[in-house]
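>>> Whatever this is, show me its structure:
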Amino acid sequence: MRMRAACAALALVAILGHAGASWSSESKDNTFPPEELIRRTVERRAVEAVIWGMPVVNYDLMLQEMIAKAKGLPNQIVYWSRLLDWKNQTLTPNPDSIYLMPFFNTKDVGPVVIEIPPADDGSINGTIMDVWQAPLEDVGPAGVDKGRGGKYLILPPGYKDKAPDNYIVLPSQTYQGYALLRSMLKSGSDEDVAKAVAYGLRIKIYPLSQAANPPPTRFLDANDVVYDATIPYDMRFFQSLNRIVQQEPWIARDRAMIDMLKSIGIDRGKPFDPDQTTQASLNAAIREAKALLEMRYNDLFASTPPYFDTTQWVVPALPDYIEQAGAGFSEPESYAVNDRGLLFTYAFFTPKHLGDGQFYLMAIKDKEGRNLSGANTYRLTVPENAPVKLYWSVTAYDRATHALIRDQKWSSRSSQNVELQKNADGSVDVYFGPQAPPSRESNWVPTNPAGDFELLFRFYGPERPLFDKTWKLPDIEKVAAQ
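Now for the predicted structure:
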């Protein structure tokens, strides 16, 4: 047995020593042997570690893909120079906007500046987040700068110096984090996509120490690589979690996890090198955690009241988590770890103010309450006058991974698609299925007949009729294959 694993096992034996003594000397028939207690404890604690650590693992997976696939480093920006296709395997991304993701790390360079350009030739919609993907602030027309542009200054943990004037100051409890920024399109034409890319490339990131003469921002185009940040339910999850534990300070609210993680082999300043017995327990635990999270995901749609009466559409944002994260988890009586863990199995990004710049509805079942099968053909009729200042889009994701369905021509349809066909009354029929209906390919989203899928409907620049529900989105309906 490796030294690290042996130490972890001895620590647990010490913790459980009284139970072991009881087993050997008192009621052998009614208690577990120490080895079994250790195994069960490791598995229970590992399940909780998965749920607790999901957002930072989600973050680390994206960062590692930036480093490995885009050949980038922190304090640089990974972006996609065209609209996203299936090669972007992040969780429920939007394939109808230009994505730019500055990853920052203040540990060695001190405070970091992210400059957002004014909304003149374009606009940015997005949020700057810490390593836990808790929002520091929204940016752009729906954010603090209100479209005027601004210099957002991210301060490292414990920073004491006075911040300079004319910055939007964002104290962070973690060294690392990122911003999810979307350069919004005026339309889906090639010309407007190119303009949105050019506008997004005006974003800057640099250390405050170089603000007098900022170096050029390095942009890394990930458009042609498979950027896979889907959640791995195996030992890679714990390796990713260990990487963050080694790099980040403990936040007061999470100190109860220090010994929990030590008992599964994750300990600050020490290598994570579990022996085969511990690996077996960790693998069993993450399978259980996956099953538990999938059950909660199904329960979310079964128990959440539909956004519109008698429909399958729900808001997938988990309001307790959104409220607590937006307030910096400052409420001493609440900490939505379970909701947070669930959310980051199927999404990344937490807005500071949900509903100001964007709004989301999600469905996993059709009008009859049946799972959306990629083998069937469905129709969604989007009524006329959709309540958006910018645009709406609807995207199909692989139900098993919550990423774009692999190897498909495209993944969504949007009001900005110039070729989209409208009905006589101004409504739009969007079709989902393994084959396009005759003469309707421009309104069709392909699916994989071998699996189920889920839908996310986005409203960018949502307007009052969505919130007072005088405009309603109907359910998706199964139709006969043509």
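>>> mind checking the end-to-end distance for stretch 412-430?
Start-to-end span of stretch 412-430 (CA to CA, to the nearest Å) is 9 Å.
>>> Ok, stretch 162-180 next?
27 Å.
>>> Check which residues of that stretch are buried.
Neighbour counts over stretch 162-180 (16 or more other CB atoms under 10 Å) mark 167-180 as buried. C-beta: built from backbone N, CA, C; applies to glycine.
>>> for the record, mean pLDDT for that stretch?
Mean per-residue pLDDT for stretch 162-180: 97.
>>> Just after the longest helix that the chain contains, pick out the following helix or strand.
When the chain is scanned for its longest helix (criterion: DSSP state H), the result is helix 34-69. Toward the C-terminus, helix 34-69 is succeeded by strand 76-79 as the next helix or strand (DSSP states H and E).
>>> Please enumerate residues in contact with the next helix or strand after that next one?
Sequence-wise, the next helix or strand downstream of strand 76-79 (DSSP H and E) is strand 88-89. If you take CB atoms under 8 Å, 6 or more residues apart in numbering as the criterion, strand 88-89 is touched by 80, 95, 99, 222, 226-230, 401, 403-404, 406.
>>> Tell me which residues are up against stretch 302-309.
So stretch 302-309 is contacted by 312-315, 361, 469, 472-473 (CB under 8 Å, 6+ apart).
>>> Looking at the residues you listed, which two lie furthest apart in space?
Greatest spatial distance among the contacts of stretch 302-309 (CB to CB): Gln312 and Lys469, at 15.4 Å.
>>> out of those two, which sits in the more crowded spot?
Gln312 (23 against 13; other CB atoms under 10 Å).
>>> a strand runs through Phe453, doesn't it?
Yes - according to DSSP: H, G, I helix; E, B strand; the rest coil, Phe453 belongs to a strand.
>>> wait, doesn't it sit right on Pro434?
No - checked against CB atoms under 8 Å, the pair Phe453 and Pro434 is beyond contact range at 10.8 Å.
>>> Between these two, point out the one with more neighbours.
For Phe453 and Pro434, the more surrounded residue by other CB under 10 Å is Phe453, and the numbers stand at 23 against 15.
>>> and that one, how far is that from Pro316?
Phe453 sits 15 Å away from Pro316, going by CB to CB, to the nearest Å.
>>> got the contact list for the most centrally placed residue in the chain?
By CA atoms, centre = their mean, the mean C-alpha position of the chain lies nearest to Phe348, the distance being 1.0 Å. With contact taken as CB under 8 Å, 6+ apart, Phe348 is in contact with 58-59, 62, 90-92, 133, 180, 229.
>>> State the pLDDT value of it.
94.
>>> Doesn't it belong to a strand?
No - assessed by three-state DSSP, Phe348 does not belong to a strand; its assignment is coil.
>>> how far away is it from Gly149?
According to CB to CB, Phe348 stands 25 Å off from Gly149.
>>> Sketch out the low-pLDDT regions of this structure for me.
Within the chain, the segments meeting pLDDT under 70 span 1-30, 481-482.
>>> got any residues that touch both of Phe453 and Pro434?
374, 447.
>>> Where do the helices of this structure begin and end?
3-15, 17-25, 34-69, 190-200, 235-247, 257-262, 276-303, 319-326, 337-346, 464-467.
>>> Which one of the ones you listed lies nearest to Leu372?
helix 276-303 (11.3 Å).
>>> Nice, that's everything, thank you.
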